[in-house]
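Visitor: quick check, what structure comes out for this input:
(one chain, ligands or ions: 1)
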Amino acid sequence: MAPACEHQKTTIIARRDGIDYVECLDCRQIFEAEDLEPVAVEADED
Ligand SMILES: [Zn+2]
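Guide: Below is the predicted model:
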């Protein structure tokens, strides 16, 4: 199992309705920049 990513490196990928969406460069997770909550997905499929 990989250790939990702390999402230290992110980049803004989109902006919509005043919300910035950022992507973690390490784990490719997508977040809303406002709350940095990961779009929770059971990502254990590979
Ligand atoms: Zn990450």
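Visitor: flag every residue of this structure that's near the ion.
Guide: Counting by C-beta under 5 Å from the ion, the residues of the chain lying close to the ion are Cys5, His7, Cys24, Asp26, Cys27, Gln29. (Glycine included, C-beta is placed from N, CA and C.)
Visitor: please enumerate the strands of the chain.
Guide: 10-16, 19-24, 30-32 (DSSP state E).
Visitor: returning to that earlier point: narrow the residues of the chain next to the ion to those that are buried.
Guide: Buried members of these, counted by 16 or more other C-beta atoms under 10 Å: His7, Cys24, Gln29.
Visitor: and which of those is nearest Ile13?
Guide: Nearest to Ile13, judged by C-beta to C-beta, of these is Cys24 at 10.3 Å.
Visitor: list the contacts of the nearest residue to Asp26 once chain neighbours are set aside.
Guide: Nearest residue to Asp26, sequence neighbours excluded (C-beta to C-beta, 6 or more residues apart in numbering): Cys5, at 5.3 Å. Applying C-beta atoms under 8 Å, 6 or more residues apart in numbering to Cys5 gives the contacts Cys24, Asp26, Cys27, Gln29.
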